[in-house]
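Asks: Predicted model and sequence below, questions to follow.
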Amino acid sequence: MSRVVELKHPLVKHHMAMLRDKNTPTYIFRDQIRRLTLLLAYEATATLPVEEVNIETPLCNTMCKHITTRIGLVPILRAGLGMCEAVQELIPQAEVWHLGFYRDESTLKPVEYYQKFSEHPPEIAFVLDPMLATGGSAVEAVNMVKDWGAENVSMLCTIASPEGIEKVQKAHPDVSIFSCAIDEGLNENAYILPGLGDAGDRIFNTL
Ligand SMILES: O=P(O)(O)OC[C@H]1O[C@H](OP(=O)(O)OP(=O)(O)O)[C@H](O)[C@@H]1O
Ligand SMILES: O=c1cc[nH]c(=O)[nH]1
Ligand SMILES: [Mg+2]
């Protein structure tokens, strides 16, 4: 079932403060995205299916659980790349499939420039993008992931706007959205307030 989850943990609040600060340099900004993504991925993977497996410890046999479902991470270039390694750290067996979009700042529409998908879609897909602003990029990315054949799709972001959440929910009522924060809304240029500015520029030092 679709859910919108905003993380409430004190560690998330703490790390978000440093992430939002305009004086935080790029190398710390990247670390903060990574820390926050670890916390986000822990929450977003809480309902992953597990299977029983027999394990031999040095002392005896015991039944354990492991994850056998094919999981795909779909970072939206560029900024989504900043989240990818953190999720891979928790799910090292995950596949990574890239999608490139930039938002045309005059039309606010997403422009696709890269897609690397295989013939065989994963069973579960996590779309990664730190910013869910108007929701245009997220809706288009989820369209492509679903057209590919993935049936269980979730969106992981650092900051989401209420407008973006509404747009994704309207287009994809089955997609859960996990975010470290849900902010107040968008400014006249469709930037999230209070937000953190341009995530891609802050991750890649291209301000
Ligand atoms: O919800 P939307 O209104 O579509 O906006 C969000 C998109 O904008 C940003 O990417 P940007 O276009 O800045 O590209 P970048 O990652 O290369 O910086 C962000 O990382 C999202 O992909
Ligand atoms: O606030 C915003 C909106 C779109 N993209 C960003 O990186 N930040
Ligand atoms: Mg950007």
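Replies: Arrived safely, thanks for sending. Ligands and ions are numbered 1, 2, ... in the order given.
Asks: Please make it C-alpha for all contacts and neighbour counts, starting now.
Replies: Fine.
Asks: and the longest strand belonging to the chain, what other elements does it pack with?
Replies: As assigned by DSSP state E, the longest strand anywhere in the chain is strand 152-160. Contact analysis of strand 152-160 by 3 or more Cα pairs under 8 Å, 6 or more residues apart in numbering; DSSP states H and E lists helix 26-44, strand 124-128, strand 131-132, helix 136-148, strand 176-182 as its packing neighbours.
Asks: so how far is the first residue of stretch 39-48 from its last?
Replies: Length of stretch 39-48, first residue to last, Cα to Cα, to the nearest Å: 16 Å.
Asks: What are the buried residues along it?
Replies: Within stretch 39-48, the residues scored as buried using 16 or more other Cα atoms under 10 Å are 39-41, 44.
Asks: For ligand 3, which of the helices and strands packed on strand 152-160 is the nearest?
Replies: Taking Cα to the ion, strand 131-132 is the member of the helices and strands packed on strand 152-160 nearest to ligand 3, at 8.9 Å.
Asks: So which elements touch the closest one?
Replies: strand 152-160.
Asks: Note down every partner strand of the strand it packs on and its orientation.
Replies: Pairing partners of strand 152-160, with direction, according to DSSP bridges: strand 124-128 (parallel), strand 131-132 (parallel), strand 176-182 (parallel).
Asks: Briefly note if that strand comes near ligand 2.
Replies: No: using Cα under 6 Å from any ligand atom, strand 152-160 never reaches ligand 2; the gap is at least 8.4 Å.
Asks: How about the residue in the chain positioned nearest to ligand 3: what's its closest non-neighbour residue?
Replies: Nearest residue of the chain to ligand 3 (Cα to the ion) works out as Gly200 at 4.0 Å. Nearest non-adjacent residue to Gly200, counting by Cα to Cα, 6 or more residues apart in numbering: Ala79, 4.3 Å away.
Asks: Can you give me the neighbour number for that neighbour?
Replies: 24 (other Cα atoms under 10 Å).
Asks: what's near enough to touch it?
Replies: By Cα atoms under 8 Å, 6 or more residues apart in numbering, the residues touching Ala79 are 129-130, 199-201, 203.
Asks: residues from this structure in reach of ligand 1?
Replies: Residues of the chain lying near ligand 1 (Cα under 6 Å from any ligand atom): 77-79, 102-103, 110, 129-137, 198-201.
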